[in-house]
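Asks: Sequence unavailable; structure follows:
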């Protein structure tokens, strides 16, 4: 039996049911017992507990009064109990447990304790005993009131409360954050282990202390002021504070949550403080804000126009260049449809179609991720040319589009001027080549005629002079022809079609039949050659130049061996194809590799025929058709030239 000795004032129940009076006399006061019994029955006991036992016991420990509850508890008539001693009623075991408390009560002191009684049906009942002494006028103890209450429900509630408190403490001890309770005077009434570890204190060093005992005065004053604001306003304080640990290193950031604590009557009894380290989160948010600000700065400082639109073309944002180029303010554009504002009707259908294809099938269409030229419209109605690229961007579980617009008005004007100058240059070159070649033919013809008629009268040196004039005229004529061809190659972009390079290669080889026969050389087509999108005339000219060089530049008298094969790009980003021409000639020194592609530049002397324009024409043709031309040394010796074209 668990026994708890309580001295001092009687509990609330006892105060409701018992009045201690030094002048109380048993004789003639039996109506008070009845009144107590009536109050006991009026309590109802709706929770299923047993009624309260009320007795008066004299100094000899004999019952002088018992209420009717004794019949329910012990199935004995109340009258049979009068005069019976407590020892006789309870038996040796229970009486021996009661005896220490009886002795206290008989000395005139009130006592309360808890024990277990067995009812008449054998059920054990956890009970509370309260003994209230009754004193005679001379101060001696005449007896005491004995009140026994069924405490089963209270014990269950105590157990549930204990379990709840254990669960609460288990929870707060497992929290990865500091938890404090403070009373209205700012004294700590609870601190979890996380706070004790954070503060480097034990519970005894914290409980009952205030912030002024643990923190610098300035910081403690702030904490106290915050607590009082929470208590007075009954509102939650949620804030982030910065603290310098030991005055060194980077500051630490702490999330603080202060809430009022309420009693059962809803009166505020203190504050609950919850705080945890959010330095990493704060630093991440600061970095994100800095990154956002940086991106905004880049967005606004971009020289090209950037317009963000949703899937319907509604403008979400624009940068400053858009305001400058189109003449609108940002707030005039946001919320309006780009197709109705920045793009004239002739081009809006195309931008709408590309967005729709992407939204429905994720098809990138003809504009997404590519640069195209379209017309744009200024606020004042002026239509001008822009280069546009549209890129889809995943954003908050949807897709928006970044539209990049570059004003190419100046470029278009420059291109028109260049085109006109090129046309003028072509005219000049044509006229120059025609007008220069006419007197050149006269010089060559008259020199040949002079050599034929007067050659017999001239010595060998004089004949050599005339021969050199004829050779010079021939060379100058070839130079004029190459310059004219290069000029045409620079403008080669028309007449594009899919050309079977197998046919072109065979045609070029036939043109070298005589030379191949003289040198015992070979030109072989390796595998199947590709279809190339180009003007066939320029493909033929380029291949003719490459094969011609391969046949010219050989090792001594060794028969030349030339191979023509296909080139296919291995990169998806570089969609080109073309031809590769290989030989077993002397190759090109590293210092001359780029030089040979320049006009009239040669890696050999005059002993090999040619003007130095052939490879310049090859590179110019490939460039005009979206490709390139380059040289690589061939494995095993020789040269390997590659020319490519955009597919």
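Replies: That came in fine, so what should we check first? Just so it is clear, the structure is predicted and the values come from calculations on it, not from any experiment.
Asks: Could you list the low-confidence segments of the chain?
Replies: Regions of the chain meeting the criterion pLDDT under 70 cover residues 1-50, 244-249, 350-351, 353-369, 429-437, 478-479, 482-495, 570-574, 599-612.
Asks: hey, where'd the helices end up in the stretch 351-500 of the chain?
Replies: Per DSSP state H, counting those that start in this stretch, the stretch 351-500 of the chain carries helices over the ranges 409-454, 460-490.
Asks: for the first one, packing partners?
Replies: The contact analysis (3 or more C-beta pairs under 8 Å, 6 or more residues apart in numbering; DSSP states H and E) places helix 409-454 against strand 383-395, helix 460-490. Every residue, glycine included, has its C-beta placed from N, CA and C.
Asks: These into CSV, with extra columns for distance to residue 232 and mean neighbour count?
Replies: Output for the helices and strands packed on helix 409-454, formatted as CSV (distance: least, C-beta to C-beta, whole Å; neighbours: other C-beta atoms under 10 Å):
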stretch, distance to residue 232, mean neighbour count
strand 383-395, 45, 16
helix 460-490, 86, 15
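Asks: re earlier: any chance of TSV for the helices of the stretch 351-500 of the chain, columns distance to residue 55?
Replies: Formatted as TSV, the helices of the stretch 351-500 of the chain follow (distance: least, C-beta to C-beta, whole Å):
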stretch	distance to residue 55
helix 409-454	112
helix 460-490	127
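Asks: Distance to residue 302 added to the helices and strands packed on helix 409-454, as JSON lines?
Replies: Shown next, in JSON lines, are the helices and strands packed on helix 409-454 (distance: least, C-beta to C-beta, whole Å):
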{"stretch": "strand 383-395", "distance to residue 302": "13"}
{"stretch": "helix 460-490", "distance to residue 302": "33"}
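Asks: Tell me which of these lies nearest to residue 143.
Replies: Residue 143 lies closest to strand 383-395 among the helices and strands packed on helix 409-454, at 88.0 Å (C-beta to C-beta).
Asks: Measure how far the closest one is from the centre of its chain, please.
Replies: Averaging C-alpha positions (C-alpha atoms, centre = their mean, to the nearest Å) puts strand 383-395 25 Å from its chain's average.
Asks: Between helix 409-454 and that strand, find me the angle.
Replies: Angular relation of strand 383-395 and helix 409-454 on a 0 to 180 degree scale: 120 degrees, by axes from the mean of the first three to the mean of the last three C-alpha atoms, to 10 degrees.
Asks: check contacts around residue 239.
Replies: Residues counted as contacts of residue 239 (C-beta atoms under 8 Å, 6 or more residues apart in numbering) are 255, 256.
Asks: right, and residue 380 touches residue 327 too?
Replies: Yes - counting by C-beta atoms under 8 Å, residue 380 touches residue 327, with 6.1 Å between them.
Asks: tell me the SS of the residue nearest to residue 515 when sequence neighbours are not counted?
Replies: Nearest residue to residue 515, sequence neighbours excluded (C-beta to C-beta, 6 or more residues apart in numbering): residue 551, at 5.7 Å. With DSSP: H, G, I helix; E, B strand; the rest coil as the basis, residue 551 sits in helix.
Asks: In contact with residue 551, which residues?
Replies: With contacts defined as C-beta under 8 Å, 6+ apart, residue 551 is in contact with 512, 515, 516, 519, 521, 523, 560, 562, 583.
Asks: Quick check: it vs residue 509, distance?
Replies: Using C-beta to C-beta, to the nearest Å, residue 551 is found at 10 Å from residue 509.
Asks: what is in contact with these two at once?
Replies: With contacts defined as C-beta under 8 Å, 6+ apart, the residues shared by residue 551 and residue 509 are 516, 523.
Asks: Phi and psi next, for residue 203.
Replies: Dihedral pair for residue 203: phi -60, psi -40, per degrees, to the nearest 10.
Asks: tally of neighbours for it?
Replies: 14 (other C-beta atoms under 10 Å).
Asks: got it, and residue 76?
Replies: For residue 76, the neighbour count with other C-beta under 10 Å is 14.
Asks: and if you look at the one 5 residues further on?
Replies: Here the neighbour count serves as a burial measure; for residue 81 (other C-beta under 10 Å) it reads 19.
Asks: Residue 380 and residue 327: which is more packed in?
Replies: Neighbour tally, residue 380 and residue 327, criterion other C-beta under 10 Å: the higher count belongs to residue 327, 13 against 7.
Asks: so of the contacts of residue 551, which ones are in strands?
Replies: For these, membership in strands holds for 523, 562, with DSSP state E as the criterion.
Asks: mind listing which of the contacts of residue 551 are in helices?
Replies: 515, 516, 519 (DSSP state H).
Asks: Quick one, which of those are buried?
Replies: Among those, those classed as buried by 16 or more other C-beta atoms under 10 Å are 516, 519.
Asks: Export the ones in helices among the contacts of residue 551 to CSV and append columns for distance to residue 94.
Replies: Below are the ones in helices among the contacts of residue 551 laid out as CSV (distance: C-beta to C-beta, whole Å):
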residue, distance to residue 94
515, 135
516, 133
519, 135
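Asks: Using the three-state scheme, assign residue 257.
Replies: Under three-state DSSP, residue 257 falls in the strand class.
Asks: gap between it and residue 226?
Replies: Relative to residue 226, and taking C-beta to C-beta, residue 257 is found at 11 Å.
Asks: So those two - more neighbours on which side?
Replies: Neighbours per residue, other C-beta under 10 Å: of residue 257 and residue 226, the larger number sits with residue 226, 18 against 15.
Asks: how about residue 279, what does it touch?
Replies: So residue 279 contacts 250, 252, 253 (C-beta under 8 Å, 6+ apart).
Asks: now the helices for the stretch 501-647 of the chain?
Replies: 501-511, 513-519, 536-552, 614-624.
Asks: And the stretch 101-250 of the chain, by the same measure?
Replies: For the stretch 101-250 of the chain, helices defined by DSSP H, counting those that start in this stretch occupy the ranges 152-174, 193-199, 203-206, 211-214, 217-233.
Asks: With distance to residue 451 as new columns, can the ones you listed be given to me in JSON lines?
Replies: What follows is the helices of the stretch 101-250 of the chain, written out as JSON lines (distance: least, C-beta to C-beta, whole Å):
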{"stretch": "helix 152-174", "distance to residue 451": "113"}
{"stretch": "helix 193-199", "distance to residue 451": "111"}
{"stretch": "helix 203-206", "distance to residue 451": "121"}
{"stretch": "helix 211-214", "distance to residue 451": "118"}
{"stretch": "helix 217-233", "distance to residue 451": "113"}
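Asks: wait, doesn't residue 444 sit right on residue 471?
Replies: No - using C-beta under 8 Å, residue 444 is not in contact with residue 471; the gap is 9.5 Å.
Asks: circling back to that earlier point, overlap in contacts, residue 257 and residue 226.
Replies: Taking C-beta under 8 Å, 6+ apart as the criterion, residue 257 and residue 226 both touch residue 237.
Asks: on that earlier part again, so which of the helices and strands packed on helix 409-454 comes closest to residue 109?
Replies: Across those, residue 109 has its closest neighbour in strand 383-395 (80.0 Å, C-beta to C-beta).
Asks: which helices and strands does that closest one pack with?
Replies: helix 345-361, strand 372-377, strand 398-407, helix 409-454.
Asks: can I assume residue 55 sits in a strand?
Replies: Yes - per three-state DSSP, residue 55 lies within a strand segment.
Asks: how close does it sit to residue 148?
Replies: Distance of residue 55 to residue 148, computed by C-beta to C-beta: 8 Å.
Asks: can you check residue 124 too?
Replies: 14 Å.
Asks: Between the two, which is the more surrounded one?
Replies: Taking other C-beta under 10 Å, residue 124 and residue 148 do not tie; residue 148 has more neighbours (21 against 10).
Asks: residues in contact with that one?
Replies: Counting by C-beta under 8 Å, 6+ apart, residue 148 touches 52, 53, 117, 127, 128, 129, 130.
Asks: For those, work out which two are farthest apart.
Replies: Using C-beta to C-beta, the contacts of residue 148 reach their maximum pairwise distance at 117 and 130, which is 14.0 Å.
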